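1. 3D model of this:
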Amino acid sequence: MKVIGVIPARMAATRLPGKPLLTIAGKPMIQWVWERARQAQTLSALYIATPDAEIIRAAESFGACAMLTSHAHRSGTDRVAEVARRTEGDIYVNIQGDEPLLDPRGIDYAVQPLLDDPQVMMSSLYCHAQPHEYDAPSVVKVVLDREGNALYFSRSRIPYPREATNLPVYKHIGLYVYRRELLLRFSEWEPTPLERTEALEQLRVLEHGYRIRMVPFEHASIAVDTEVDLARVRQILEQRGK
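-> Alright, predicted model coming up:
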């Protein structure tokens, strides 16, 4: 099975414009992500997919394979699907381009179910949420069935504790693994009602009747969405370099 990792990246981030090329401990953010992702054992190839020539030049400067993609894509997943149309792979991994502390083992953990079981079409990761995250809309929660498949994702707390319960609250880690055929179908579907309501594109998969196998992984990374996140990650990586 040929497993291809794709890091979608673009300069036009709303809260942090030019985010992929922001410098962290002497390197652009996208280089940190690429260097960590390439340590994953299951990847046959790794691409940075971007509509921006600046990112292409930066990627080539540190030895990455970069692919210039359309400006018209609505999401990173659509950008990954373009890579899938232009390459020969069986499984594609959508790797978030704003997680310079990415643990490469998460890629391998998420890919494994698709290598082990031909019936698994898509997978992702989850971990235990912390109490301060239970009601935070920025933290996506997930509930599972008995086989470890996602029943639902929400920005609200799920399951809701109507009565005293010891059930854990699980936090979704946004790394996605697709079989090629499902990825290409996904990119052709219009956004679905639940997806639009929660602003969570993985709900499109569930609404079309497919399952997402969830894999436990207790090493959630830090997504750099704000200046506060950026300062935190800079401090961590600068301290590691000393």
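2. dump the residue contacts of Ile95.
-> Gly5, Val6, Ile7, Val33, Ala37, Leu102, Ile107, Leu175 (C-beta atoms under 8 Å, 6 or more residues apart in numbering). Quick note: C-beta positions are derived from backbone N, CA and C, even for glycine.
3. Distance check, it against Val80.
-> 9 Å (C-beta to C-beta, to the nearest Å).
4. which residues are common contacts for these two?
-> With C-beta under 8 Å, 6+ apart, Ile95 and Val80 have common neighbours Val6.
5. mind checking the SS state of the residue nearest in space to the middle of the chain?
-> Closest to where the C-alpha atoms of the chain average out (C-alpha atoms, centre = their mean) is Leu175, at 2.9 Å. Under DSSP: H, G, I helix; E, B strand; the rest coil, Leu175 falls in the strand class.
6. Return the residues in contact with Leu21.
-> Met11, Pro28, Met29, Ile30, Glu54, Ile55, Ala58 are the contacts of Leu21 under C-beta under 8 Å, 6+ apart.
7. What is the most widely separated pair among the contacts of Ile95?
-> Val6 and Leu102 (13.5 Å; C-beta to C-beta).
8. neighbour count winner among those two?
-> Val6 (30 against 26; other C-beta atoms under 10 Å).
9. Got the confidence number for the residue nearest to the centre of the chain?
-> Looking at Leu175, its pLDDT reads 97.
10. And it, how close does it get to Leu43?
-> 12 Å.
11. Can you pull the residues that touch both of those two?
-> In contact with both Leu175 and Leu43: Val93, Ile107, using C-beta under 8 Å, 6+ apart.
12. Among the contacts of Ile95, name the ones in helices.
-> Counted as lying in helices by DSSP state H, out of those, are Val33, Ala37, Ile107.
13. Would you check that the second one makes contact with Ile7?
-> Meaning Ala37. Yes. Assessed by C-beta atoms under 8 Å, Ala37 is found in contact with Ile7 at 6.4 Å.
14. quick one, which of those two is more surrounded?
-> Ile7 (30 against 25).
15. Beta-bridge partners for that one, please?
-> Ile48 (DSSP bridges).
16. need the contact list for it.
-> By C-beta under 8 Å, 6+ apart, the contact set of Ile7 is Ile30, Val33, Trp34, Ala37, Leu46, Tyr47, Ile48, Ala49, Ile95, Gln96, Gly97.
17. Redo those residues as a markdown table? Include distance to Ser123.
-> Formatted as a markdown table, those follow (distance: C-beta to C-beta, whole Å):
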| residue | distance to Ser123 |
| --- | --- |
| Ile30 | 24 |
| Val33 | 20 |
| Trp34 | 22 |
| Ala37 | 16 |
| Leu46 | 18 |
| Tyr47 | 20 |
| Ile48 | 22 |
| Ala49 | 20 |
| Ile95 | 13 |
| Gln96 | 15 |
| Gly97 | 19 |
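18. Nearest to Thr192 among these?
-> Using C-beta to C-beta, the contacts of Ile7 come closest to Thr192 at Gln96, 21.9 Å.
19. Quick one: the strands in the protein, in order.
-> 3-8, 23-24, 27-28, 45-50, 65-68, 91-94, 122-128, 141-144, 150-154, 170-179, 213-216 (DSSP state E).
20. And these: which comes nearest Asp225?
-> Taking the strands of the chain one by one with C-beta to C-beta, strand 170-179 is closest: 11.6 Å.
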